[in-house]
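> Sequence and predicted model, in that order:
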Amino acid sequence: MKAYLLPLLALAAVAVPAQAHRQWMLPSATIVSGEDAWVTVDAAVSDDLFIKDHQPIRLDNVKVTAPDGGDVPLENASTGRYRSVFDVHLIQKGTYRIANSGSGIMGSYKVGGEQKRLPRGTTADKLASLIPADATDVQISEGMTRNEVFVTSGAPTSTLFKPTGKGLELVPMTHPNDLVAGEDATFRFLIDGKPAANLEVDVAQGGLSRPDQPNDRTLTTDAKGEVKISWPAAGYYWINASATDKNVTIPNATQRRMSYITTVEVQAP
């Protein structure tokens, strides 16, 4: 069941106004050097970005991939009241992916006029048995989410940016660990391996929410699925995109909801 709780939480966390709960992972650094390099990652859901004030992200689905494609274990992992935290030992040189991703099923129906919801952890093989024969207004959604960050030991590499062709993905044209304030970056978004045109992309700088936050904005991808992002100031930025379509893989589902989240660090010039 835990494998499905996290993606459902992620979908709930991003499909809300900018000041509401948002899911994020924040590394202690995105670029490190030395022969014994480590990063510590905080993972939480909060009102204000990177302020630990609501609840932790569970670590059951978090996976770290090394530059050569191998798995890297989480070390010193712990979940507290407001955040989870873990260490990653960067033994290899190059760029690592730290990802929290998965899929799940959400749904509702009515029986005798009373609204019911599918239990968390519902799987495709159990879906039919959970919905009564006399149910009406059945609404089934397939959810897919990716929340990932990239960290680099030594020189950046791009071996991990090859898309899987499934769901909403980011293919950075500018390396996410090579971002500098005052310089533009280009990111490409794909849905099932094809350009995600006209996709809204939210960009927000971390810190306490303010009505006049100048660095928060919503951009739109072009026909190639690309969006150009400027960085007015150094710091950590949260990037989120979401999409809904009908390309479902689960029988009886009526829509597919996808989300992508990443945190990037922008360096001072």
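In hand now; what should we look at? Numbering: from 1, shown residues only.

> Now do the same contact list for Ala128.
Residues in contact with Ala128 (Cβ atoms under 8 Å, 6 or more residues apart in numbering) are Asn252. (Each C-beta comes from the backbone N, C-alpha and C, glycine too.)

> which SS state does it fall under?
helix (DSSP: H, G, I helix; E, B strand; the rest coil).

> If I look at Asn147, what pLDDT would I see?
Here the pLDDT value assigned to Asn147 is 97.

> next one: Leu6
40.

> which parts of stretch 24-40 are buried?
Trp24, Met25, Leu26, Pro27, Thr30, Ile31, Val32, Ala37, Trp38, Val39 (16 or more other Cβ atoms under 10 Å).

> which two from those end up farthest apart in space?
Trp24 and Ala37 (22.3 Å; Cβ to Cβ).

> Quick check: Leu160 is in a strand.
No. Looking at Leu160 with three-state DSSP, it is helix, so not inside a strand.

> Contacts only, for it.
Thr65, Pro67, Gly69, Thr95, Tyr96, Arg97, Phe150.

> tell me the two of the residues you listed that are most distant?
The span of the contacts of Leu160, defined through Cβ to Cβ, is set by Gly69 and Phe150 at 14.2 Å.

> ok, these two, which is more surrounded?
Using other Cβ atoms under 10 Å, the more surrounded residue of Gly69 and Phe150 is Phe150, with 25 against 10.

> Hmm, Ile98 and that one touching each other?
Yes. If you go by Cβ atoms under 8 Å, Phe150 and Ile98 touch, sitting 7.5 Å apart.

> any idea which of the contacts of Leu160 has the most stuff around it?
Result: Thr95 is most packed of the contacts of Leu160 (other Cβ under 10 Å), 27 neighbours.

> could you pull out the helices for the stretch 51-200 of the chain?
124-130 (DSSP state H, counting those that start in this stretch).

> Strands of that one, residue ranges please.
Secondary structure of the stretch 51-200 of the chain by DSSP state E, counting those that start in this stretch: the strands cover 55-56, 62-65, 71-72, 75-79, 84-90, 94-111, 114-117, 136-153, 168-172, 185-191, 194-195, 200-205.

> would you turn those strands into TSV with distance to Asp47?
Listed next are these as TSV, based on distance: least, Cβ to Cβ, whole Å:
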stretch	distance to Asp47
strand 55-56	11
strand 62-65	22
strand 71-72	31
strand 75-79	19
strand 84-90	17
strand 94-111	19
strand 114-117	25
strand 136-153	17
strand 168-172	24
strand 185-191	26
strand 194-195	33
strand 200-205	12
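
> Thr244: which of the ones you listed is closest?
strand 136-153 (8.5 Å).

> Pull the distance from the closest one to the chain's centre.
From the chain centre to the centre of strand 136-153 is a distance of 7 Å (Cα atoms, centre = their mean, to the nearest Å).

> and stretch 229-238, average pLDDT?
94.

> Return stretch 98-117 as PDB; C-alpha atoms alone will do.
Listed next in PDB are the C-alpha coordinates belonging to stretch 98-117 (Å, rounded to 0.1, in the frame of the first residue of the first chain):
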ATOM      1  CA  ILE A  98      17.300  11.300  -6.800                       C
ATOM      2  CA  ALA A  99      13.700  10.400  -7.700                       C
ATOM      3  CA  ASN A 100      10.400   9.800  -5.900                       C
ATOM      4  CA  SER A 101       8.100   8.500  -8.600                       C
ATOM      5  CA  GLY A 102       5.200   6.100  -9.000                       C
ATOM      6  CA  SER A 103       1.600   5.600 -10.200                       C
ATOM      7  CA  GLY A 104      -1.700   4.900  -8.500                       C
ATOM      8  CA  ILE A 105      -5.400   4.800  -9.000                       C
ATOM      9  CA  MET A 106      -7.900   7.400  -7.700                       C
ATOM     10  CA  GLY A 107     -11.600   7.100  -7.900                       C
ATOM     11  CA  SER A 108     -15.100   7.800  -6.600                       C
ATOM     12  CA  TYR A 109     -18.600   6.600  -7.000                       C
ATOM     13  CA  LYS A 110     -22.100   6.900  -5.500                       C
ATOM     14  CA  VAL A 111     -24.300   4.300  -3.900                       C
ATOM     15  CA  GLY A 112     -27.800   5.400  -3.000                       C
ATOM     16  CA  GLY A 113     -26.700   9.000  -3.600                       C
ATOM     17  CA  GLU A 114     -23.900   8.800  -1.100                       C
ATOM     18  CA  GLN A 115     -20.400   9.600  -2.300                       C
ATOM     19  CA  LYS A 116     -17.700   6.900  -1.800                       C
ATOM     20  CA  ARG A 117     -14.000   6.900  -2.600                       C
END
